[in-house]
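# Pasting the sequence and the predicted model now:
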Amino acid sequence: MNFFTHFGRYILMLKGMLSKPENTKLYWKELMHQCVEIGIGSLGIVSIISIFMGAVSALQTAYQITNPLISKVIIPQIIRDTVILEFAPTLICVVLAGVVGSKIASELGNMRVSEQIDALEIMGINTKTYLVLPKIVAAIITIPMLVILAMVLGIYGGRMTVAASGIISTNTYDRGLMEQFLPYNVFFAMMKAYTFAFIISSIPAYYGYYVKGGSLEIGKSSTTSVVVSCIVVLIADYILAALLL
Amino acid sequence: MIEFKNITKKFGDKVVLDDVSHLMQTGKTNLIIGTSGSGKTVLQKCLVGLFEPDEGVIVYDGKDFTHMNEDERKLLRQQIGMLFQGSALFDSMTVEDNVKFPLDMFTKDSNAAKLKIVNEVLERVNLVGSNKKFPSEISGGMKKRVGIARAIVLNPKFLFCDEPNSGLDPQTSMLIDKLIYDITNEFKMTTIINTHDMNSVMEIGDNILYLKDGKKEWTGNSKDIIFSDNKNLNDFIFASEFLQDAKQLRMMEAAKKA
């Protein structure tokens, strides 16, 4: 199947999910369930990665600044900007493409293969609206929140590291953070977060929803969905940077 | 009543259903039989709209299903119940929640009223006390019965069963057959069953459509089968020597009575 066939079916899936819910209460329940699965379920991995991301950035930035003429106050600024602009939105979303994306693809794939999606269709339920839409909306709600958390924890991880290794004092770090701060960077990061959230939920949903075969195919579609999501995230990252910076 | 005329379905160059027409009667167990790959499941999926036929018309109680829009189909589907070959129960839900799901989705009854209906239906399929079990904790036969309970909980007018006996022992198969037969008569449903189980054919076959290589080969009921001289049908139904002997015996008994 070529790229255009996949893309056409993907667009049709997105169009198909925009219909009136059969029962708003059940759809709301499903949305909340997905928010918990995607948001709360990813808190642990996002926290760990973010703290270490900030910590490693701090050490590597300090390692590269050897010129005594350059003020060490620049270290927190570099950490802040790299974390906000790139690490928190992009790295976290690439990780979430693996964590959340594979879960979405395998869950829908398993439902397809075991005829659960057919069973819902026979009942008169629009399965795209009931199964796919809540996952995408939940990702768009929770992933930007996770990205904000990653920013805070990343910067805090850097702060802990510079203090523990004696590179600069926490006061200097805090002062550096405040200097030359551009709020637009946060806006840009949030634009990226919303875009990536849509990508890493809708692409795996597509691969899971249309899977054919058995358990082997579910595994394959899950892997493909993660690979494609990551590539599309990186392409979108470049396009957004070129357009918005 | 479901009538389909000239149904043709192709996958690529392969013709899976070739100009099949038949009338599925109300209040009767209508069987679609045939060897594996004969097009039974494809025909049933065309009837419920999971596949679109390339040609032909499907009519539910005088309404043309083939040309309905999505909203009209959704409304009609609320009158359809279906038991899938693998039961297709929702893994993450208990037996009770599985059966209650269509009620949650399509009715505005109180939870107590829904639970009352669920318990009545579970009692009807002999599954009292299994409410809180998950699909992974129950046997294949029980899964089929939960599937039947979920299919009939909204009192559908049309019940579709895709190989309800597959993977079950003969005794449980007969129980499932009897259950489907009784429910069909009790609720005056139009029931369509895909099967290649000979017990089912002989026990509950009110109206049988035999498919061979995607074509309609023979129609009749379980009594007609004994006296049919259709070679393909006889080869399919009475495949073993034991079954051929059984057929001879039945024919002799009928001749004596005559």
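Cool, the structure landed.

# What strand or helix carries B:Leu31?
Per DSSP states H and E, B:Leu31 falls inside strand B:29-33.

# ok, which residues in chain A are in contact with chain B?
A:19, A:22-23, A:26, A:110, A:114-116, A:118-119, A:121-126 (Cβ under 8 Å from any Cβ of the partner chain). Heads up, the C-betas are built off the backbone N, CA and C, glycines and all.

# one more time with 6 Å, if that's ok
Contacts of chain A with chain B, taken as Cβ under 6 Å from any Cβ of the partner chain, map to A:22-23, A:26, A:114-116, A:118-119, A:122-124.

# What ranges does the stretch 1-150 of chain B have for its strands?
B:2-11, B:14-24, B:29-33, B:55-60, B:63-64, B:80-83 (DSSP state E, counting those that start in this stretch).

# Same list (those strands) but as CSV, adding distance to B:Asp71.
Putting the strands of the stretch 1-150 of chain B into CSV (distance: least, Cβ to Cβ, whole Å) gives the following:
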stretch, distance to B:Asp71
strand B:2-11, 20
strand B:14-24, 24
strand B:29-33, 27
strand B:55-60, 15
strand B:63-64, 13
strand B:80-83, 15
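
# so which of the ones you listed gets nearest A:Glu86?
For the strands of the stretch 1-150 of chain B, the distance to A:Glu86 is smallest for strand B:2-11, at 47.3 Å, taking Cβ to Cβ.

# In helices, which of the residues of chain A next to chain B appear?
A:26, A:116, A:118-119, A:122 (DSSP state H).

# Out of those residues, who's the most crowded?
A:Ala119 (26 neighbours; other Cβ atoms under 10 Å in any protein chain shown).

# ok, the spatially most central residue of chain A - contacts?
Nearest to the geometric centre of chain A sits A:Cys93, at 2.8 Å (Cα atoms, centre = their mean). With contacts defined as Cβ atoms under 6 Å, 6 or more residues apart in numbering or on different chains, A:Cys93 is in contact with A:196, A:200, A:233.

# For B:Lys216, identify the helix or strand it belongs to.
Going by DSSP H and E, B:Lys216 is in strand B:215-220.

# Now do that strand, average pLDDT.
Computed over strand B:215-220, the mean pLDDT rounds to 92.

# again with stretch A:28-38
Computed over stretch A:28-38, the average pLDDT equals 95.

# got the buried residues for that stretch?
Within stretch A:28-38, the residues that qualify as buried by neighbour count (16 or more other Cβ atoms under 10 Å in any protein chain shown) are A:30-31, A:34-35, A:37-38.

# And for stretch A:197-216?
Counting neighbours by 16+ other Cβ under 10 Å, stretch A:197-216 gives A:197-211 as buried.

# How about stretch B:226-241?
In stretch B:226-241, counting by 16+ other Cβ under 10 Å, buried: B:226, B:228, B:230, B:233-234, B:236-238.

# Output these as JSON lines; include the columns secondary structure.
JSON lines is the format used below for the buried residues of stretch B:226-241 (DSSP: H, G, I helix; E, B strand; the rest coil):
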{"residue": "B:Ile226", "secondary structure": "helix"}
{"residue": "B:Ser228", "secondary structure": "coil"}
{"residue": "B:Asn230", "secondary structure": "coil"}
{"residue": "B:Leu233", "secondary structure": "helix"}
{"residue": "B:Asn234", "secondary structure": "helix"}
{"residue": "B:Phe236", "secondary structure": "helix"}
{"residue": "B:Ile237", "secondary structure": "helix"}
{"residue": "B:Phe238", "secondary structure": "coil"}
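
# Nearest to chain A among these?
B:Phe236 (25.9 Å; Cβ to the nearest Cβ).

# tally of neighbours for the closest residue to the closest one other than its chain neighbours?
In space, not counting the residues next to it along the chain, B:Phe236 is nearest to B:Thr35; the distance is 6.2 Å by Cβ to Cβ, 6 or more residues apart in numbering or on different chains. Around B:Thr35 there are 16 other residues, counting by other Cβ under 10 Å.

# Look up phi and psi at B:Thr35.
The phi and psi values for B:Thr35, taken as degrees, to the nearest 10, are phi -70, psi 170.

# From chain A, how far off is it?
22 Å (Cβ to the nearest Cβ, to the nearest Å).

# Give me the local confidence score for the residue nearest to the centre of chain A.
96.

# Which of the helices or strands spans it?
Take DSSP H and E as the rule and A:Cys93 turns out to sit in helix A:92-96.

# starting at the chain centroid, how far to that helix?
5 Å (Cα atoms, centre = their mean, to the nearest Å).

# Only C-alpha atoms, please: export it in PDB.
The C-alpha atoms that make up helix A:92-96 are tabulated as PDB, following Å, rounded to 0.1, in the frame of the first residue of the first chain:
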ATOM      1  CA  ILE A  92       9.400  13.800  25.700                       C
ATOM      2  CA  CYS A  93       7.100  13.400  22.800                       C
ATOM      3  CA  VAL A  94       9.400  10.900  21.000                       C
ATOM      4  CA  VAL A  95       9.500   8.900  24.200                       C
ATOM      5  CA  LEU A  96       5.700   9.200  24.500                       C
END
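
# how about that helix: buried residues?
Quick answer for helix A:92-96 (16+ other Cβ under 10 Å): A:92-96.

# cool, stretch B:60-78 as well?
B:60, B:65-66, B:68, B:73-74, B:76-78.

# any idea of the mean pLDDT in it?
pLDDT averaged over stretch B:60-78 gives 89.

# Please list all residues in contact with B:Phe160.
B:44, B:48, B:82, B:192.

# Need the pLDDT of residue 101.
You didn't pick a chain, so chain A it is. Reading off the model, A:Gly101 has pLDDT 95.

# I was thinking of chain B, sorry if that wasn't clear
94.
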